[in-house]
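Q: Quick one, fold the following:
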Amino acid sequence: MIWSQIYDPFGNMVLSTIAAAIPVLVLLGAIGIFEIRAHIAAMLGLVTALAVAIVGFGMPVGLAGMSAVYGAAYGLMPIGWIILNVIFLYQLTNEKGEFDVLRHSIRNISDDRRMQLLFIAFSFGAFFEGAAGFGTPVAVTAAMLMGLGFSPLSAAGLSLIANTAPVAYGALGTPVIALSAVTGLDLMELSAMIGRQLPFFSVIVPFWLIWAFVGFRRMIEVWPALLVAGVSFAVPQYLVSNFHGPWLVDIIAAISSMLCLAGFLRVWRPKNPITEAPRDWSSDEVRDGTEEGSDAAVVGRSVLKAWMPWVILSIFVFLWGVPQMKALLDGIWSAKIPIAGLDGLVQKVPPVAPEPHAEAAVFSFNILSMTGTGILLSALVSGILLGYSPMALLRMYGRTFWMIRFSLITIACMLALGYVTRYSGLDATMGLAFANTGWLYPFFGTLLGWLGVAVTGSDTASNVLFGGLQKVTAQQLNLNPVLMAAANSSGGVMGKMIDAQSIVVASTATKWYGREGSILRFVFFHSVALAALVGVLVMAQAYLPPFSGMVPEAPPITAPAD
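A: Residues are numbered from 1 along each chain as shown. Just a heads-up that it's a prediction; the model follows:
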């Protein structure tokens, strides 16, 4: 029998919302307050979610269990698969000492730590977000910053802060495409509207990033470079999203930002460079020992060889993100596995969905076209070019798997928790609480997108989850549904830095296991503050004439895709 979700099981929306929020509070509290190891905290959160879904919201036990299994499978494939192979590549390069050369070559761009952070975490990371998404940019940039001598907390936390403005157009526009599919709103209108919100923050984030790193005074010292990096990203982001579509927004904007920043730093240098990374507030922090290197060793190595693994990685990630390549690989082999006991047996109902709609649960085991497979191939090619034998590569892969085993367990449990909340309707109950805010809904609807990403770990998942609710609520409140659907995605990008999945990816990339709570506390204020600023902008676009002119006329709504 099909089970229909119940959004107010206690007959009181306040009590129902509190109950729905318990699993998230348990998870974040265990990590951020009680410093419980992430895999234990994730298990506690999952058990709590299952209990609330079954006992509080009446979800059948079998459905709840299978939704957890489905989420865990998705956590391992594709997300865990990406992390495993990125860390494998990092281990291969670190073992050979190529990061000494890499650091030296980046210092040819600038020996200032602020500029290195800006180039790698913001500009270079945006390229990986645009090509692959799903944790790839944080894993890559955090590992690279660690190799350059940044402390674990700086490398992890700052990579998370930097990976915000590009997220809505990540993985070749996947979040926007999914948002259009579930709402029936025109893809180009959504792309354009998001492109009239995020460019403001593409300019702000470089300043915010360096402020979080070294403070306001040392940030102001390098404001010209921050402005160049932000504007050279924001302008292409606006132009491509408005006049081409969502597919290549991040890639074009990232390449523009990298080229403009590198060119600008050839003619401009900070007057008071910071050549050593400031010590973080975490008193017991450790470094990985790679900060100091021998210049003689650097001279004897090839800069091209040091950059070669990352260039190969960029090529493979880009190719694996191209839809034609994905279709080709899926045509060779892929499997779609309906989750028995869950597929088509859970039904969303109004007001979350315009009409009763059965939720699909089909696991796509497209191993060939997964981004992690492209990363694995790039690591194998790089390893051979770096001089590893096949047996040495195999041994290193085994060591890498063992090293991140708890992180893989954590990611699986995190996604299992997210899928239980999704299929049980807990997240929809929290969303309805935001929808009851009346004229303040443009602000709180934006925070709904933030909540969706914080819970699910994905802007795409948040758009699928709350896109329909945003459209229906906007129509009821006489707001533009394109504006509010776009706000869901734009607000969601700021939740990316605090979702448990991203924090585990960052802690794994920096080998700072068990310190996820420190990372969460480091980024939490930044996430909330930036999300609130997005909400203020959406409020202005909804009500203030100078900003409301940015909002396009809502196009005719078509039926959402199944």
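
Q: Please compute how far the helix or strand hosting V140 lies from its chain's middle.
A: Using DSSP states H and E, the element containing V140 is helix 136-147. Here helix 136-147 shows a centroid-to-chain-centroid distance of 13 Å under the convention CA atoms, centre = their mean, to the nearest Å.

Q: Export the next helix or strand after that helix to PDB, keeping only CA atoms.
A: Next helix or strand after helix 136-147 toward the C-terminus (DSSP H and E): helix 152-162. Coordinates of each C-alpha in helix 152-162 appear next as PDB, following Å, rounded to 0.1, in the frame of the first residue of the first chain:
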ATOM      1  CA  PRO A 152      43.900  21.700   9.000                       C
ATOM      2  CA  LEU A 153      41.300  24.100  10.300                       C
ATOM      3  CA  SER A 154      42.200  26.900   7.900                       C
ATOM      4  CA  ALA A 155      42.300  24.500   4.900                       C
ATOM      5  CA  ALA A 156      39.000  22.800   5.800                       C
ATOM      6  CA  GLY A 157      37.000  25.800   7.000                       C
ATOM      7  CA  LEU A 158      38.100  28.300   4.400                       C
ATOM      8  CA  SER A 159      37.500  25.800   1.600                       C
ATOM      9  CA  LEU A 160      34.000  25.400   2.800                       C
ATOM     10  CA  ILE A 161      33.400  29.200   2.900                       C
ATOM     11  CA  ALA A 162      34.800  29.600  -0.600                       C
END
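
Q: could you give me the average pLDDT of helix 152-162?
A: Averaging pLDDT along helix 152-162 yields 95.

Q: And that helix, what does it pack against?
A: With contacts taken as 3 or more CB pairs under 8 Å, 6 or more residues apart in numbering; DSSP states H and E, helix 152-162 sits against helix 136-147, helix 198-214, helix 500-509, helix 516-543. For the C-beta atoms, the positions are set from N, CA and C on the backbone; glycine is no exception.

Q: quick check: angle from the helix holding V140 to helix 516-543?
A: Interaxial angle, helix 136-147 versus helix 516-543 (axes from the mean of the first three to the mean of the last three CA atoms, to 10 degrees): 130 degrees.

Q: could the helices and strands packed on helix 152-162 go into TSV alongside mean pLDDT?
A: TSV is the format used below for the helices and strands packed on helix 152-162 (pLDDT from 0 to 100):
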stretch	mean pLDDT
helix 136-147	85
helix 198-214	97
helix 500-509	86
helix 516-543	95
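
Q: Mean neighbour count and distance to A225 added to the ones you listed, as TSV?
A: Below are the helices and strands packed on helix 152-162 laid out as TSV (neighbours: other CB atoms under 10 Å; distance: least, CB to CB, whole Å):
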stretch	mean neighbour count	distance to A225
helix 136-147	29	18
helix 198-214	22	8
helix 500-509	30	25
helix 516-543	20	20
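
Q: how about the ones you listed, which one is nearest M66?
A: helix 500-509 (20.6 Å; CB to CB).

Q: Does anything pack onto the closest one? Which helices or strands?
A: Where contact means 3+ CB pairs under 8 Å, 6+ apart, helix 500-509 is packed against helix 13-32, helix 38-51, helix 81-95, helix 136-147, helix 152-162, helix 405-424, helix 516-543.

Q: Which residue ranges of the stretch 151-300 of the chain form helices?
A: 152-162, 170-183, 187-194, 198-214, 216-220, 223-243, 249-264, 295-299 (DSSP state H, counting those that start in this stretch).

Q: quick one: contacts of the third one?
A: Counting by CB atoms under 8 Å, 6 or more residues apart in numbering, the neighbours of helix 187-194 from elsewhere in the structure are 168-169, 173, 176-177, 179-180, 183, 241-242, 245-246, 249, 482-483, 485-486, 489-490, 550-552, 554-555.

Q: Using PDB, list the CA coordinates for it.
A: Taking C-alpha atoms only, helix 187-194 is exported to PDB below (Å, rounded to 0.1, in the frame of the first residue of the first chain):
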ATOM      1  CA  LEU A 187      14.800  26.700 -17.100                       C
ATOM      2  CA  MET A 188      16.100  29.900 -18.600                       C
ATOM      3  CA  GLU A 189      14.000  32.000 -16.300                       C
ATOM      4  CA  LEU A 190      15.300  30.200 -13.300                       C
ATOM      5  CA  SER A 191      18.900  30.400 -14.500                       C
ATOM      6  CA  ALA A 192      18.500  34.100 -15.100                       C
ATOM      7  CA  MET A 193      16.900  34.800 -11.800                       C
ATOM      8  CA  ILE A 194      19.600  33.000  -9.800                       C
END
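
Q: can you offset everything so residue one is 82?
A: Let's use 82 as the start, then, which means that last one is helix 268-275.

Q: Report the angle between it and helix 251-264.
A: Using the same axes, to 10 degrees: helix 268-275 against helix 251-264 is 120 degrees.

Q: and the angle for helix 268-275 with helix 330-345?
A: 40 degrees.

Q: wait, what's in contact with the closest residue to T174 other than its chain neighbours?
A: Ranked by CB to CB, 6 or more residues apart in numbering and with sequence neighbours excluded, the top spatial neighbour of T174 is P390, at 5.2 Å. For P390, the contact set (CB under 8 Å, 6+ apart) comprises 170, 173-174, 179, 459-460, 463, 466-467.

Q: what would the residues you listed look like in JSON lines with pLDDT, distance to L96 and neighbour count?
A: As requested, the contacts of P390 are exported to JSON lines (pLDDT from 0 to 100; distance: CB to CB, whole Å; neighbours: other CB atoms under 10 Å):
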{"residue": "L170", "pLDDT": "85", "distance to L96": "49", "neighbour count": "25"}
{"residue": "L173", "pLDDT": "87", "distance to L96": "53", "neighbour count": "23"}
{"residue": "T174", "pLDDT": "81", "distance to L96": "53", "neighbour count": "25"}
{"residue": "E179", "pLDDT": "70", "distance to L96": "57", "neighbour count": "23"}
{"residue": "S459", "pLDDT": "92", "distance to L96": "51", "neighbour count": "24"}
{"residue": "A460", "pLDDT": "93", "distance to L96": "50", "neighbour count": "29"}
{"residue": "S463", "pLDDT": "92", "distance to L96": "55", "neighbour count": "24"}
{"residue": "L466", "pLDDT": "91", "distance to L96": "60", "neighbour count": "12"}
{"residue": "L467", "pLDDT": "89", "distance to L96": "59", "neighbour count": "18"}
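
Q: From these, pick the one nearest A439.
A: S459 (39.5 Å).
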